[in-house]
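In: quick one, structure for this:
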Amino acid sequence: MSAIAAIIAAEPESEGSVLSIRQDTLFEEGLFIRTDPIAAEALFARIKQRAPDVVYTIWYFMMAETEGLETSLLRYVALALVHGDRINGHLTHDDVKAVVSVARKAGREAHRMKGLLRFEQLRDGTWLARMEPDNNVIQPLAKHFSRRLRDQKWFILDVGRRSAAHWDGHELRFGTLEQFERPDLSDEEQQVQAMWRTFFSTIAIPERRNPRLQKSNMPAKYWKYLTEKQGE
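Out: Alright, predicted model coming up:
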């Protein structure tokens, strides 16, 4: 966002500008823009005032960690400052469509994970939920569960990114884990999981089994950390 803020400040229209990650090559041309948190925050404040819904679109777009769409984001932001929140409806514009589509996918996964995340109680009484989402959605998930599980102490671990969120009952913290060893599950947790798997298999009606619909609502890529799907 620092680069976008600098470009828009120099050239508000930004249609002729191209934004990309710096490549250290001998014949590289262009202007290198250093990270400027103050300029980035000022731009976000300006966007929030002009187009508050666009801020959420940008937030989810960032979670997707998509490469190659830097210029699209630049042009999307420039247009949002002109058209406000209406810009999200201008899907005939290629750059707007690209940014909004990516953001919506990340938003859908964040919403889906609220129902698919499974917390397991460890021997020390702490709760742990592991996941491997396509998008970096740990922040909205952690904020959601800090409201839902305020009386518990828990971790949410993004296994693939080695990042974690920790709620100690009072404060939410985020960090990166260089090494993580999961303590053993409590005896009670093991019993609960066994009973849950039995319950899940017992209530299933064979005649109504629809694997395609099940995978549509609960994609198989999330089954690794779902208690009821272990062993399938």
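
In: pLDDT weak spots in the protein?
Out: Applying pLDDT under 70 to the chain flags the ranges 11-34, 177-186, 189, 191-211, 213-218, 222-223, 225-232.

In: all the strands of it, residue numbers only.
Out: Counting by DSSP state E, the chain has strands at residues 119-121, 127-131, 154-158, 163-167, 172-176.

In: could you report the neighbour count for residue 104?
Out: 15 (other CB atoms under 10 Å). C-beta here means a position set from N, CA and C on the backbone, and glycine is covered the same way.

In: confirm for me that it is in contact with residue 63.
Out: No: using CB atoms under 8 Å, residue 104 makes no contact with residue 63, being 11.4 Å away.

In: if you compare the strands of the chain, which one is most tucked away?
Out: strand 154-158 (a mean of 22; mean count of other CB atoms under 10 Å).

In: only alpha carbons, please: show it as CSV.
Out: Extracted in CSV, the C-alpha atoms of strand 154-158 (Å, rounded to 0.1, in the frame of the first residue of the first chain):
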residue,chain,number,x,y,z
TRP,A,154,-7.1,-21.1,23.0
PHE,A,155,-4.7,-21.1,20.0
ILE,A,156,-5.5,-21.1,16.3
LEU,A,157,-2.7,-22.5,14.3
ASP,A,158,-2.2,-22.0,10.5
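
In: that strand pairs with which strands?
Out: strand 127-131 (parallel), strand 163-167 (antiparallel) (DSSP bridges).

In: what sits up against the last one?
Out: Taking CB atoms under 8 Å, 6 or more residues apart in numbering as the criterion, the residues outside strand 163-167 that touch it are 136, 138-139, 141-142, 145-146, 149-150, 152-158, 172-177, 180.

In: what does stretch 127-146 give?
Out: Counting by CB under 8 Å, 6+ apart, 60, 62-65, 105-106, 109-110, 113-114, 116-122, 149, 152-161, 163-165, 167, 172, 174, 182, 221-222, 224-225 sit against stretch 127-146.
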